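> I would like the atomic coordinates for the input below:
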Amino acid sequence: MDKKTRRAMLKVRVRVPATAANLGAGFNCLGLALELYNIFEVRECRAGIKIEITGKEKDVLPKNKTNLFLQAAERVFKKCGYVPKGLRIKINSCIPIARGLGSSASSIVAGAVAANELCKRKLSCDELIQLCAELEGHADNIVAAFLGGLTICGFKNRQLFYKKLFVRYGLRAIIAIPKRLTVKTKDAVEVLPKRVPFEDAVFNISRVAFFVSGIMSDELELMGLGMEDRLHQPYRKALIPGLEDVFATAKKAGAHGVALSGSGSSVVALTHRYPYPIGRAMREAFKRHGIEAKIVVLDADNDGVKVQAKKI
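Coordinates of the predicted model:
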């Protein structure tokens with residue numbers, strides 16, 4: 001590879017936020033982007049694929065072809081008809097894995113977006129979102145990670161539709177992250193019933209409407225009412241000891257609403273009040289049930305995926 005070719009190559013840096021999906025009643029359709037990030041860098045090289053991982057989750061993520069960043073990138077390359085000579089990938093992984101905070105979605109979004117940059121942006125944002133959602137298997141985390149803010153998504157005739165809402169500044173997310181308790185998406189799906197009572201479906205429809213209305217009007221009491229759920233959390237509480245206690249304690253301490261983050265094991269409480277007493281109360285509630293939890297207080301991310309590409 002001569003110097004002229006080397007100068008023309010791209011180095012792509014992608015930052016993707018963590019996400020809290022479902023938010024109670026919005027099962028598989030609501031997502032909230034958060035100011036906690038995974039950062040990815042990729043450049044094309046002469047040959048071979050090398051993945052270097054740093055950060056808090058460096059010992060968990062794979063460095064082979066099962067890595068979701070690489071899988072998403074390869075799907076984009078195939079769709080664009082491009083075959084890179086080789087890739088050097090660096091991942092700084094800070095989003096906890098198997099805790100319901102969108103770690104897999106961040107890798108998928110980053111891989112697709114970075115590969116699209118190397119392919120001179122042949123695919124539109126919508127094409128990338130559709131591709132990422134297909135790989136992830138559900139779209140709530142994907143759309144939130146890609147667009148930022150609060151996102152709503154759903155399918156019609158296998159076509160994904162989505163909408164982003166700007167989240168006003170001042171809304172705080174208090175996340176209780178169990179240190180040794182993980183929940184695999186597969187396990188969280190298997191505990192769900194095949195059918196739900198009609199009245200439970202109606203209950204959740206009303207709560208989603210309350211949640212979106214509360215966010216848009218800044219009526220956080222209404223938003224909190226919208227975080228009540230009957231479709232998935234009652235069944236998933238068996239996977240997370242003390243979940244109901246954590247919910248009740250967070251509300252008593254001042255949270256407007258509280259829910260599982262995604263399928264868990266993390267719990268997210270939302271408020272515009274002072275967040276730290278709520279976090280301490282959530283940690284103590286988990287501790288009563290033998291679970292050590294880390295508390296993180298985050299603002300909403302309204303930007304979504306951020307990309308920087310430069311010639312090297």
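> remind me which residues of this protein are low pLDDT?
1-8 (pLDDT under 70).
> could you pull out the helices for it?
3-8, 68-80, 103-118, 125-136, 140-147, 185-190, 198-217, 220-225, 233-236, 243-252, 276-288 (DSSP state H).
> Pick the most buried one from those.
For the helices of the chain, ranked by mean neighbour count under the definition mean count of other C-beta atoms under 10 Å, the leader is helix 140-147 at a mean of 31. Glycine gets a C-beta too; all of them are placed from N, C-alpha and C.
> Reformat the helices of the chain as CSV; add distance to Lys164.
Listed next are these as CSV, based on distance: least, C-beta to C-beta, whole Å:
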stretch, distance to Lys164
helix 3-8, 35
helix 68-80, 21
helix 103-118, 14
helix 125-136, 11
helix 140-147, 4
helix 185-190, 24
helix 198-217, 12
helix 220-225, 17
helix 233-236, 25
helix 243-252, 27
helix 276-288, 27
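> gap between the closest residue to Cys153 other than its chain neighbours and Ile97?
Nearest residue to Cys153, sequence neighbours excluded (C-beta to C-beta, 6 or more residues apart in numbering): Tyr162, at 4.1 Å. From Tyr162 across to Ile97, the span is 25 Å (C-beta to C-beta, to the nearest Å).
> What of Ser265?
Ser265 is 11 Å from Ile97, where distance means C-beta to C-beta.
> what's the answer for Asn302, then?
Counting by C-beta to C-beta, the gap from Asn302 to Ile97 is 25 Å.
> neighbour-wise, which of these two wins?
Neighbour tally, Asn302 and Ile97, criterion other C-beta atoms under 10 Å: the higher count belongs to Asn302, 18 against 14.
> wait, isn't the more buried one in contact with Glu35?
No. With contacts counted by C-beta atoms under 8 Å, Asn302 stays clear of Glu35, the gap being 9.5 Å.
> Ok, which of the helices of the chain comes nearest Gly55?
Taking C-beta to C-beta, helix 103-118 is the member of the helices of the chain nearest to Gly55, at 10.9 Å.
> just the angle between that closest one and helix 125-136, please?
140 degrees (axes from the mean of the first three to the mean of the last three C-alpha atoms, to 10 degrees).
> Determine the set of other helices and strands touching helix 103-118.
strand 10-21, strand 30-44, helix 68-80, helix 125-136, helix 140-147, strand 306-311 (3 or more C-beta pairs under 8 Å, 6 or more residues apart in numbering; DSSP states H and E).
> report the angle between the axes of the third one and helix 125-136?
Relative orientation of helix 68-80 with respect to helix 125-136: 130 degrees, computed using the same axes, to 10 degrees.
> which other helices and strands contact helix 68-80?
Partner elements for helix 68-80 (3+ C-beta pairs under 8 Å, 6+ apart): strand 48-54, strand 86-92, helix 103-118, helix 125-136.
> ditto for the shortest one
When contacts are defined as 3+ C-beta pairs under 8 Å, 6+ apart, strand 306-311 packs onto strand 10-21, helix 103-118.
> What are the contacting residues of it?
Residues outside strand 306-311 that contact it (C-beta atoms under 8 Å, 6 or more residues apart in numbering) are 7-16, 113-114, 117.
> Distance to Glu219 added to those residues, as CSV?
Listed next are these as CSV, based on distance: C-beta to C-beta, whole Å:
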residue, distance to Glu219
Arg7, 55
Ala8, 53
Met9, 51
Leu10, 46
Lys11, 45
Val12, 41
Arg13, 39
Val14, 35
Arg15, 32
Val16, 30
Val113, 35
Ala114, 39
Glu117, 40
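> Identify the farthest-apart pair in those.
Arg7 and Val16 (27.9 Å).
> Walk me through the domains of this protein.
3-166+301-311, 172-299 (automatic domain parsing).
> for Lys237, what are its contacts?
Per C-beta under 8 Å, 6+ apart, neighbours of Lys237: Leu243, Glu244.
> ok so, going back, wait, which of the helices and strands packed on strand 306-311 is closest to Pro193?
strand 10-21 (19.6 Å).
> what pairs with the closest one, and is each one parallel or antiparallel?
strand 30-44 (antiparallel), strand 306-311 (antiparallel) (DSSP bridges).
> What residues of that strand count as buried?
Lys11, Val12, Arg13, Val14, Arg15, Val16, Pro17, Ala18, Thr19, Ala20, Ala21 (16 or more other C-beta atoms under 10 Å).
> Good, we can wrap up now.
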